[in-house]
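[1] What follows is a protein structure lacking sequence information:
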């Protein structure tokens, strides 16, 4: 079982729709959860982080964490073509940060 | 601009060459990292330095040799690499090595021929 699992996609959504990206993790002791966005040919940039169960909202982005079910998700409202990128889920326990392979999102006009 | 600067951005080297990647962070962080990103694979942690001390070496072959002279600078010395080492090498930094948010540099694209 992969430590951090994401569907590689591509996930295609129409412009203006809600994009839902999901991530599951295997280590129940994981403490911190991060979403990074990576455009093709660029380095990952932090979108959001979440530590506690529940939702965390920042503009068009909402991170959701459910530790009991060991999943974390990222919702992007009013998706824009500029949101087209690969989204990396990362999970931390202590000083160990583990990344998933990423989900490619395509927002279509 | 993330505050983490990597040079060179692109590097092509032969298998017998010796080269170095450089990373500098301007964020006042105390931990620095080297990651490797290959196609279709998750980001792979290579090395972690916390307050200039190496705290993690993730079974990286000795042809990769890190150096951290201070908390702001990190090098990755490369020697007798293989074509399969071609990848994007990402430097990152964080406040400390305890799982805080890490910030990546733009990366160095390495091609070994």
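    Now that the structure is in, tell me what you want to look at. Owing to the predicted nature of the structure, the values given are computational and were not obtained by experimental measurement.

[2] low pLDDT regions in chain B?
    Applying pLDDT under 70 to chain B flags the ranges B:1, B:99.

[3] Could you pull out the strands in it for me?
    B:4-7, B:10-13, B:18-25, B:31-37, B:44-50, B:53-57, B:64-70, B:73-79, B:87-94, B:103-104, B:108-112 (DSSP state E).

[4] which one of these lies closest to chain A?
    strand B:103-104 (4.3 Å; C-beta to the nearest C-beta). The way it works is simple: take the backbone N, C-alpha and C, and place the C-beta from them, glycine included.

[5] From the chain's centroid, how far away is that closest one?
    11 Å (C-alpha atoms, centre = their mean, to the nearest Å).

[6] and if you look at stretch B:37-48?
    10 Å.

[7] quick check, the worst-scoring helix or strand of chain A on mean pLDDT touching chain B?
    Counting by mean pLDDT, DSSP states H and E, the weakest-scoring helix or strand in chain A turns out to be strand A:96-99, with a mean of 86. Yes. Strand A:96-99 is in contact with chain B by C-beta under 8 Å from any C-beta of the partner chain, via A:96-99.

[8] Could you spell out the sheet neighbours of the following helix or strand past that strand, each with its direction?
    Using DSSP states H and E, the helix or strand that follows strand A:96-99 in sequence is strand A:103-108. Applying DSSP bridges, strand A:103-108 is found paired with strand A:11-14 (parallel), strand A:85-93 (antiparallel).

[9] Output those strands as a markdown table; include the columns distance to residue B:104, mean neighbour count and mean pLDDT.
    Formatted as a markdown table, the strands paired with strand A:103-108 follow (distance: least, C-beta to C-beta, whole Å; neighbours: other C-beta atoms under 10 Å in any protein chain shown; pLDDT from 0 to 100):
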| stretch | distance to residue B:104 | mean neighbour count | mean pLDDT |
| --- | --- | --- | --- |
| strand A:11-14 | 23 | 14 | 97 |
| strand A:85-93 | 10 | 23 | 94 |
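
[10] got these as a markdown table, with distance to residue B:101 columns?
    Putting the strands paired with strand A:103-108 into a markdown table (distance: least, C-beta to C-beta, whole Å) gives the following:
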| stretch | distance to residue B:101 |
| --- | --- |
| strand A:11-14 | 25 |
| strand A:85-93 | 9 |
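
[11] can you tell which of these is closest to residue A:67?
    Distance to residue A:67, taken as C-beta to C-beta, is lowest for strand A:85-93 among the strands paired with strand A:103-108, at 10.9 Å.

[12] Quickly check: stretch B:42-51 near chain A or not.
    Yes. Part of stretch B:42-51 sits near chain A under the criterion C-beta under 8 Å from any C-beta, namely B:42-43, B:45, B:48, B:50.

[13] I'd like to know how far residue B:17 sits from residue B:66.
    18 Å (C-beta to C-beta, to the nearest Å).

[14] Of the two, which one has the most company?
    residue B:66 (20 against 14; other C-beta atoms under 10 Å in any protein chain shown).
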